[in-house]
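1. With the input below, show me the fold.
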Amino acid sequence: LIFLYLNRSYAYFYSYFGAKNLTSPPQKASYNFNYSKNNKAFKYVALGDSLTAGVGVSSFEQTFPYLQAESLSKKHGFVTLIDLAKPGFRTDYLLQTEVPLAQTFKENYQKILQELTQKTKAEIIVIAIPYLGSDRIVLFPYRYLLDFNTQQFNKIIKNLAMERNLKYVDLYSQTKNNLK
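-> Numbers count the residues shown, from 1 in each chain. Next up, the predicted model:
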């Protein structure tokens, strides 16, 4: 009976998202923003998975990269957004396509940050994984397992950002209260 419950609660998570037909909004390779009289020019490269690609929103203008680029443009001037986010991307996929392969999440993330900080002069903003354990979507006991794993990954992400004195945005705390 316990096995059946665990199997069904696991399947519920995937059927919930499948029933929503969540897809990424159509996107171009790059966008230009110029909301400021400032003459500085910046390039913002968005790397990530389905969250960064905007799965679940209806237009690209609602995605985090678009909103972030728009905000940067208002503050700093001309911004070119290059969105390389792809649903399903994992750190090892990113490393296979962008930098040499590493073996673990921490090593992968560390390598990504190292490459970005060494090879660019861009301001790098590191964003935590949001809270994903909504009671409406993830059933017991997976909700607790998912939340625990998310917090562990976020500790790694935050520590790596702090080691490099990078700006860190705690998206987890911001979304936990809204989605619980």
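2. And the next helix or strand past the helix or strand hosting residue 148?
-> Using DSSP states H and E, residue 148 maps to helix 142-163. Next in sequence after helix 142-163, counting helices and strands by DSSP H and E, comes strand 167-169.
3. Now that next one: buried residues?
-> Across strand 167-169, burial judged by 16 or more other C-beta atoms under 10 Å covers residue 168. C-betas here are computed from N, CA, C, even on glycine.
4. Now do it: distance to the chain's middle.
-> Strand 167-169 sits 12 Å away from the centroid of its parent chain (C-alpha atoms, centre = their mean, to the nearest Å).
5. tell me what the next helix or strand after it is packed against?
-> Heading C-terminal from strand 167-169, the first helix or strand you meet, by DSSP H and E, is helix 171-179. On a contact count with 3 or more C-beta pairs under 8 Å, 6 or more residues apart in numbering; DSSP states H and E, helix 171-179 meets helix 142-163.
6. now the end-to-end length of stretch 153-173.
-> 14 Å (C-alpha to C-alpha, to the nearest Å).
7. tell me which residues in it are buried?
-> 153-154, 157-158, 160-161, 166, 168, 171-172.
8. With stretch 49-58 instead?
-> Applying 16+ other C-beta under 10 Å to stretch 49-58 flags 49-57 as buried.
9. CSV please, covering these and showing distance to residue 37.
-> Formatted as CSV, the buried residues of stretch 49-58 follow (distance: C-beta to C-beta, whole Å):
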residue, distance to residue 37
49, 36
50, 36
51, 33
52, 30
53, 32
54, 29
55, 35
56, 35
57, 30
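10. Turn these into TSV, including distance to residue 43 and pLDDT.
-> Below are these laid out as TSV (distance: C-beta to C-beta, whole Å; pLDDT from 0 to 100):
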residue	distance to residue 43	pLDDT
49	21	77
50	23	77
51	21	76
52	16	80
53	19	81
54	20	81
55	24	79
56	26	76
57	23	78
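11. Which one of those is nearest to residue 26?
-> Set against residue 26, the nearest of these by C-beta to C-beta is residue 54 (10.0 Å).
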